[in-house]
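Engineer: let's see this in three dimensions:
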Amino acid sequence: MLKRDPIHWAWIILATCFVNLFINYSVRLGYSVVLPEMIRDLGFNRTAAGSIFNAYLFSYIILTPLAGFLTDRLGARRVITTCTFILGAGVILMGTVKSLWTACIFYAMVGVGATGMWTPIITVVQRWFTTNRRGLALGILSTGYGLGFATMGVVFPWVVDHFSWRYSWYFLGAGALVMVALNAVFLRSSPESAGYAPWGQKAPPTLNRTDEKCLSKAVSLSILFREKTFWIIGLSYLFISYSLYGITTFMVDYAKYQLGLSLEKASLLATVHGICQVLGVLTILPLSDYIGRKRTIILSNSFITACLVGILLSGKSWIMLYFLIGIMAVFYGVTFPIYGACAGDYFPKEVMGTVIGAWTPFYGAGAISVHWVSGILRDTTGSYHQAFLINAVMAALALLLIFTIKKRAETEY
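Structural biologist: From the prediction side, this is the model:
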């Protein structure tokens, strides 16, 4: 007997996951806002700054496939709750760093905690909503990281004025630790385990022979890795990840030290970025329920490529920089959940967490390489122009790959 409460538990799950993402992405994307003050105080160059973020990404990439696998086997509730504790402890320790090696170790610890803040979260939300409602759910969920970034852009200058950059980490770490208890109380790994049907489902679930065939195939990871669609989406994810992190991580530093803007004005880019992310996920992701994930990714990657080219051509115009960052951010916010939603659209739901986790190394390879490449190019040339040109090329490659994806009906699934 399925439960029929006034408020479907799917919305409790969504609200809890929203707060998790808000805190996690305040930590993750807020690094670019904290970066200028942090490296000035500690005497780091941009290559060192990229290395700190890469320490986070290395641990995140290596362990996220495991987090996805454990989500399918042990349940999202256990994985997310454990990872939130690790995240909170690591973030608080980031406020104590005095050397490059401690910064790398503690931010790597944050990366371990962050493994539970995307793959398990996007998996559990998709399981609680039907296929034709996932875009809506992911759109609402994804406002969490946009608002987190926007909040850092406004709050960080105030924190610096009244305390120091270290307190940004202390406040965020405390918030993560509070979420440990809330996750343990409110999260449920699947609607079936809690006596519900996924929200949006009009008829009781049935299992036909086609479903049984998918279930038996889902057990074998070798089938997954033989699937051409898996590799095409993964490579496209790598290229778009490279292009987006290349601009987002360094945009405040670019605005402050290459364009000569004040810290307040440069940090405001993060607020513009965050607000526009929210606009994008609330409009473009629900639209994907109707036009399809492939068309949505093509639309998104096209605008991202155009905006990156525009930033290269805008010169020292800070007005154009704000405008182009805003447009790009609309689709930045869409990128990660829409690629994640492909796991539910192109592969059986029983391996959804495993698929999303297995795509993470592609995403991470792009994010890690761009931080080193961009940091080295900036330190050696004194400019971000060459780095930003590579970002635009990578976005164009991501776009071209998506055109080759076949419909699910045409695959062996």
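
Engineer: okay, buried residues for the helix or strand residue 374 falls within please.
Structural biologist: Applying DSSP states H and E as the criterion places residue 374 in helix 352-381. Across helix 352-381, burial judged by 16 or more other CB atoms under 10 Å covers 352-371, 373-375, 377-378. (C-beta placed from N, C-alpha, C; glycine too.)

Engineer: what is the least confident helix or strand in the protein?
Structural biologist: Between all helices and strands in the chain, the lowest mean by mean pLDDT, DSSP states H and E belongs to helix 209-218, at a mean of 42.

Engineer: can you list the residues that contact stretch 296-305?
Structural biologist: Stretch 296-305 has contacts (CB atoms under 8 Å, 6 or more residues apart in numbering) with 236, 240, 243-244, 284-285, 287-288, 327-328, 330-332, 334-335, 338-339, 342, 392, 395-396, 398-399, 402-403.

Engineer: tell me which element the residue nearest to the spatial centre of the chain falls in.
Structural biologist: In the chain, the residue lying closest to the centroid (CA atoms, centre = their mean) is residue 336, at 5.2 Å. Following DSSP H and E, one finds residue 336 within helix 318-346.

Engineer: what's the angle from that helix to helix 352-381?
Structural biologist: 150 degrees (axes from the mean of the first three to the mean of the last three CA atoms, to 10 degrees).

Engineer: what's helix 318-346 packed up against?
Structural biologist: Judged by 3 or more CB pairs under 8 Å, 6 or more residues apart in numbering; DSSP states H and E, helix 318-346 is in contact with helix 119-128, helix 134-162, helix 228-248, helix 263-291, helix 293-313, helix 352-381.

Engineer: following element in sequence after the third one, please.
Structural biologist: The one in question is helix 228-248. That would be, after helix 228-248 and using DSSP H and E, helix 251-253.

Engineer: list the buried residues in that next one.
Structural biologist: By 16+ other CB under 10 Å, the buried positions in helix 251-253 come out as 251, 252, 253.

Engineer: same for it, what does it pack against?
Structural biologist: The contact analysis (3+ CB pairs under 8 Å, 6+ apart) places helix 251-253 against helix 31-42, helix 263-291.

Engineer: for the shortest one, give the mean pLDDT please.
Structural biologist: Confidence over helix 31-42 (mean pLDDT, whole number) is 78.

Engineer: need the CA coordinates for that helix. PDB is fine.
Structural biologist: The C-alpha atoms that make up helix 31-42 are tabulated as PDB, following Å, rounded to 0.1, in the frame of the first residue of the first chain:
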ATOM      1  CA  TYR A  31      37.000  29.100  -3.700                       C
ATOM      2  CA  SER A  32      37.300  31.500  -6.700                       C
ATOM      3  CA  VAL A  33      36.000  34.300  -4.600                       C
ATOM      4  CA  VAL A  34      38.300  33.600  -1.600                       C
ATOM      5  CA  LEU A  35      41.200  33.000  -4.000                       C
ATOM      6  CA  PRO A  36      42.600  36.600  -4.500                       C
ATOM      7  CA  GLU A  37      42.700  37.400  -0.700                       C
ATOM      8  CA  MET A  38      43.900  33.900   0.200                       C
ATOM      9  CA  ILE A  39      46.900  33.900  -2.200                       C
ATOM     10  CA  ARG A  40      47.800  37.500  -1.300                       C
ATOM     11  CA  ASP A  41      47.900  36.700   2.400                       C
ATOM     12  CA  LEU A  42      49.800  33.400   2.100                       C
END
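
Engineer: from residue 165, how far off is residue 158?
Structural biologist: Using CB to CB, to the nearest Å, we find residue 158 at a distance of 12 Å from residue 165.

Engineer: equivalent analysis for residue 22, please.
Structural biologist: Relative to residue 165, residue 22 is positioned 20 Å away (CB to CB).

Engineer: and residue 317, by the same measure?
Structural biologist: Relative to residue 165, and taking CB to CB, residue 317 is found at 29 Å.

Engineer: compare the two and say which is more crowded by neighbours.
Structural biologist: With neighbours defined as other CB atoms under 10 Å, residue 317 and residue 165 compare such that residue 165 has more, 21 against 13.

Engineer: once you drop chain neighbours, what's closest to the more buried one?
Structural biologist: residue 37 (4.4 Å; CB to CB, 6 or more residues apart in numbering).
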